[in-house]
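K.L.:
What shape does this take:
(one chain, ligands or ions: 1)
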Amino acid sequence: MKTRAEKIIELAKLGLNEAIYLTKPSNIFYVSGYGGEGAALIGHGFCAIVTDFRYTEQVTREAPAFDVLEIRTGQRHAALAKEYLSDHGINTVRFEADDVTVADFEKMKSDMDGISLVPLNGETEQVRRVKEPSELALIREACDISCKALDHILPMIKEGISETDIRIALEFEMLRLGADGLAFNTIVASGENGSLCHAVPGPRKLRKGDFITMDFGAKKGGYCADMTRTVALGDPGEELRRIYGIVLKAQQESQDALHAGLIASSVDAIARDIIKDAGYGSYFGHGLGHSVGIDIHENPRLSPTCNDILTENTTMTVEPGIYVPGIGGVRIENTCVIGADASETLVYFTKDLLIL
Ligand SMILES: [Mn+2]
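P.N.:
Predicted structure coming up:
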């Protein structure tokens, strides 16, 4: 089986005198397993991590197959990389132009004097789209931890507790259940705050009739989970119940349709049409979903503008929502794995409306 570096080298059609210089932390982690600061170099017959004293031992533990290049005090990474590349007869470096600032690029040009700098075309991200079994296992575990955490904290959702209380409890539970960290900052939005898609949890106290939207995820082995559930505290009333039903139908039908070979935008359209036909089209202003892995938001996207063909073993969130200012909102989100003929959700927590 090809290594991840070999897959990227092949896709980039890398020449014998060329090297790839990765600076994005998630790409460095992907090719090497190393999760600290620095840069990665890969090419035909060599691979190395350029870092500083603080991380040298960590590289040897996490990326034993990689050479470790430790910068001298005051030396820049690119300068040390150049010494190594010159020893390997490299005259061209492909770099991540979408990660390097203009100022960094000016320094790189002088540090790598004599080497041609050519932008990559997202080859690493392209390879990352299709998850390996070991990656899927970690995302599954992260989703499992997230579901269990929500299950565990449900009994505390009562009148008078705050959004922040729920956030703390969810995050504590995920860590207690074995998460390495959080996939992103937990969103808890109650009552009228529910119309803010990315509400920051605050001191608002829960009241009878509130909808509470919780969007959160654990991180495990470097991989993210992403899930959202909206629950009610007491009877939410007729309109919010109706909105919940529409979002649930949009989520279920688009998730049921998701499989390899489809154009991403066509899956978005399934959910968007259901919401539009129900009269709430202008209250669903974001894409249906995104891929998820080492980063919480990866490509491709399920959106009206993404026309990529979906591939098997790509992970994808399916997360329609309706957000009505002054009234509140509903979002229901699963993280799924795309299969040849169907998709499998890794988030098994019930989507039925829970009235607590
Ligand atoms: Mn999401």
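K.L.:
A79 falls within a helix, correct?
P.N.:
Yes: counting by DSSP: H, G, I helix; E, B strand; the rest coil, A79 is part of a helix.
K.L.:
can you give me the strands in the stretch 1-150 of the chain?
P.N.:
18-22, 39-43, 46-51, 67-70, 92-95, 116-119 (DSSP state E, counting those that start in this stretch).
K.L.:
what separates G35 from the ion, distance-wise?
P.N.:
22 Å (Cβ to the ion, to the nearest Å). C-beta coordinates here come from the backbone N, C-alpha and C atoms, glycine included.
K.L.:
what about G74, how many residues close to it?
P.N.:
Using other Cβ atoms under 10 Å, G74 has 6 other residues around it.
K.L.:
To R207, which of the strands of the stretch 1-150 of the chain lies closest?
P.N.:
strand 18-22 (49.5 Å; Cβ to Cβ).
K.L.:
now that closest one and strand 39-43, what's the angle there?
P.N.:
160 degrees (axes from the mean of the first three to the mean of the last three Cα atoms, to 10 degrees).
K.L.:
residue in the stretch 51-200 of the chain nearest to the ion?
P.N.:
Per Cβ to the ion, F184 is where the stretch 51-200 of the chain lies closest to the ion, at 8.3 Å.
K.L.:
Next, that residue: phi, psi?
P.N.:
Backbone geometry at F184, expressed as degrees, to the nearest 10, gives phi -170, psi 170.
K.L.:
who touches the closest residue to it other than its chain neighbours in this structure?
P.N.:
Leaving aside its chain neighbours, F184 sits nearest to I296 (4.8 Å; criterion: Cβ to Cβ, 6 or more residues apart in numbering). Taking Cβ atoms under 8 Å, 6 or more residues apart in numbering, we find I296 in contact with A183, F184, G217, C224, D226.
K.L.:
Could you tell me which of these are located in strands?
P.N.:
C224 (DSSP state E).
K.L.:
Which of the contacts of I296 ranks first by neighbour count?
P.N.:
Highest neighbour count within the contacts of I296: G217, with 30 neighbours (other Cβ under 10 Å).
K.L.:
And the pLDDT for that residue?
P.N.:
Confidence at G217, expressed as pLDDT, is 98.
K.L.:
Looks like it contacts A183 (just checking).
P.N.:
Yes: using Cβ atoms under 8 Å, G217 is in contact with A183, at 3.6 Å.
K.L.:
quick one on the thing from earlier: would you mind measuring from the residue nearest to F184 to the ion?
P.N.:
7 Å.
K.L.:
any idea how far V347 lies from L233?
P.N.:
Separation of V347 from L233 (Cβ to Cβ, to the nearest Å): 22 Å.
K.L.:
for A48, same thing?
P.N.:
For A48, the distance to L233 - Cβ to Cβ - is 55 Å.
K.L.:
Looking at these two, which is more packed in?
P.N.:
Per other Cβ under 10 Å, whichever of A48 and L233 has more neighbours is A48, with 24 against 21.
K.L.:
Serialize the strands of the stretch 1-150 of the chain to JSON lines and add fields for distance to the ion and mean pLDDT.
P.N.:
Output for the strands of the stretch 1-150 of the chain, formatted as JSON lines (distance: least, Cβ to the ion, whole Å; pLDDT from 0 to 100):
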{"stretch": "strand 18-22", "distance to the ion": "25", "mean pLDDT": "98"}
{"stretch": "strand 39-43", "distance to the ion": "28", "mean pLDDT": "98"}
{"stretch": "strand 46-51", "distance to the ion": "31", "mean pLDDT": "98"}
{"stretch": "strand 67-70", "distance to the ion": "36", "mean pLDDT": "98"}
{"stretch": "strand 92-95", "distance to the ion": "30", "mean pLDDT": "98"}
{"stretch": "strand 116-119", "distance to the ion": "29", "mean pLDDT": "98"}
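K.L.:
SS state for N299?
P.N.:
N299 - assigned by three-state DSSP - is strand.
K.L.:
Surely the residue nearest to F184 is within a strand?
P.N.:
No: assigned with three-state DSSP, I296 falls outside any strand and is coil.
K.L.:
Need phi/psi at it.
P.N.:
With angles defined as degrees, to the nearest 10, I296 sits at phi -70, psi -30.
K.L.:
quick one: contacts for S116?
P.N.:
Applying Cβ under 8 Å, 6+ apart, the residues near S116 are N91, T92, V93.
K.L.:
Beta-bridge partners for it, please?
P.N.:
T92 (DSSP bridges).
K.L.:
picking up where we left off before, quick check: neighbours shared by G217 and A183?
P.N.:
Overlap of the contact sets of G217 and A183 (by Cβ under 8 Å, 6+ apart) consists of A142, C224, A225, D226, I296.
K.L.:
And the furthest pair within those?
P.N.:
A142 and I296 (10.7 Å).
K.L.:
who touches both of the two?
P.N.:
Joint contacts of A142 and I296 (Cβ under 8 Å, 6+ apart) are A183, G217, C224.
K.L.:
Next to the ion, which bits of the protein? Give me the list.
P.N.:
D226, T317 (Cβ under 5 Å from the ion).
K.L.:
8 Å instead, please
P.N.:
215, 217, 226, 228, 289-290, 292, 296-297, 317, 319, 333, 335 (Cβ under 8 Å from the ion).
K.L.:
Find me the pLDDT at the spatially most central residue of the chain, would you?
P.N.:
Closest to where the C-alpha atoms of the chain average out (Cα atoms, centre = their mean) is I296, at 1.6 Å. I296 is assigned a predicted lDDT (pLDDT) of 98.
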